[in-house]
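In: Quick one: sequence plus predicted model below, questions after.
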Amino acid sequence: MSYAKLAQLSDNSDIIASARVKRAITLPPERAPNVAIGNVRIYVEAEILGLIRGQGGLPESIRYLVDMPLDARGKAPKIKKKSFLLFARRGGSPAELQLLGPDAQQPWSQTLNDRVRAITQQLLAADAPPVITGVKEAFHVPGNLQGEGETQIFLNTPNGDPVSISILRRPRQTPVWAVSLSEIVDASATRPRRDTPLWYRLACGLPREIPDDVLFSADNRANMIAREDYSLVLRDLGPCE
């Protein structure tokens, strides 16, 4: 599973736990009318083996529902005694979990467990980059030479934490962009490496197109360049996957 997907699951989960299935009961179709074709809904009772995220902890035994694809014979998969890594929210009681989705139950492995623990620690760290909720404003300022200029893009975050992107254009050179996480644009800032928390926040949080009402350049030509620079950033980041 990709870094982006694991980061999304980890980010949106109240509970991340490893568990071993003690009991698995396939629900009849009439009790699971909204299950996708080729899938089956299973009621699971499991024992907790470890906890990566979960304020307040969990009881030793938990229960949850999961939708899983039928096996090659068209039967429900056999999951009793198997171990899984679960991404979930708390249910109606301390022992009830609600999985985030069909892919929120992953076969447990030490490698996966370690990856998810590392990602979760990164996202919850005091210096973790904030969630990106949109673009606040953007503008392009032309330079003195033909083809020279700088675009500044300021982003919205839930708590007003500063995040900005600067794109520098120089004649006959490929534009260069960087991200700053301070009120003052950091001259030493760089673009984020793929599969890092800052890359995830940007690749998965930025809108696919920059809205018209956030462009504040001096003229339409400069606004057009700001759009081009924003598109360049999206292309370099790549998709949220």
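Out: Nice, I can see it.
In: Which parts of this protein belong to which domain?
Out: Structurally, the chain divides into domains by automatic domain parsing as follows: 3-124, 134-237.
In: Need those domains in TSV (columns: mean neighbour count and mean pLDDT).
Out: Placement of C-beta: from N, CA and C, glycine included. Converted to TSV, these look like this (neighbours: other CB atoms under 10 Å; pLDDT from 0 to 100):
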stretch	mean neighbour count	mean pLDDT
domain 3-124	16	97
domain 134-237	16	95
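In: For the protein, give the helix that spans the most residues.
Out: When the chain is parsed with DSSP state H, its longest helix is helix 220-237.
In: contacting residues around that one?
Out: Contacts made with helix 220-237 from outside it, assessed by CB atoms under 8 Å, 6 or more residues apart in numbering, are listed as 135, 138-142, 149, 151, 153, 165, 167, 169, 175, 177, 191-192, 199, 202-203, 206, 208, 210, 215, 217.
In: Name the strands paired with the lengthiest strand in the chain and say parallel or antiparallel.
Out: In the chain, ranked by residue count with DSSP state E as the criterion, the top strand is strand 39-53. Applying DSSP bridges to the sheet, strand 39-53 is found paired with strand 15-26 (antiparallel), strand 61-69 (antiparallel).
In: Residue 113: which of those is closest?
Out: For residue 113, the closest of the strands paired with strand 39-53 is strand 15-26, at 6.3 Å, according to CB to CB.
In: Please save the CA atoms from the closest one in CSV.
Out: Listed next in CSV are the C-alpha coordinates belonging to strand 15-26 (Å, rounded to 0.1, in the frame of the first residue of the first chain):
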residue,chain,number,x,y,z
ILE,A,15,-7.7,3.8,16.5
ILE,A,16,-4.8,1.9,14.8
ALA,A,17,-4.4,-1.5,16.3
SER,A,18,-3.2,-5.0,15.5
ALA,A,19,-5.6,-7.8,16.3
ARG,A,20,-6.1,-11.5,15.9
VAL,A,21,-9.5,-12.8,14.8
LYS,A,22,-11.1,-15.1,17.3
ARG,A,23,-14.5,-15.4,15.6
ALA,A,24,-15.8,-14.5,12.1
ILE,A,25,-19.5,-14.8,11.1
THR,A,26,-20.6,-14.1,7.6
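In: What segments of the chain are strands?
Out: Counting by DSSP E, the chain forms strands over residues 15-26, 39-53, 61-69, 83-90, 97-99, 105-107, 134-142, 149-156, 164-169, 176-180, given from the N-terminal end onward.
In: Dump those to TSV, plus distance to residue 239.
Out: Converted to TSV, the strands of the chain look like this (distance: least, CB to CB, whole Å):
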stretch	distance to residue 239
strand 15-26	24
strand 39-53	26
strand 61-69	25
strand 83-90	21
strand 97-99	24
strand 105-107	21
strand 134-142	18
strand 149-156	19
strand 164-169	18
strand 176-180	18
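In: For residue 1, find the nearest of those strands.
Out: With CB to CB, the closest approach to residue 1 among the strands of the chain belongs to strand 105-107: 6.8 Å.
In: Residues touching the closest one, excluding its own?
Out: Outside of strand 105-107, the residues that reach it under the criterion CB under 8 Å, 6+ apart are 1, 66, 68, 82, 83, 84, 85, 86, 87, 99, 112.
In: so what's the fourth one closest to, chain neighbours aside?
Out: Meaning residue 82. Nearest non-adjacent residue to residue 82, counting by CB to CB, 6 or more residues apart in numbering: residue 21, 5.5 Å away.
In: now the one you found: how far from residue 74?
Out: Taking CB to CB, to the nearest Å as the criterion, residue 21 is separated from residue 74 by 21 Å.
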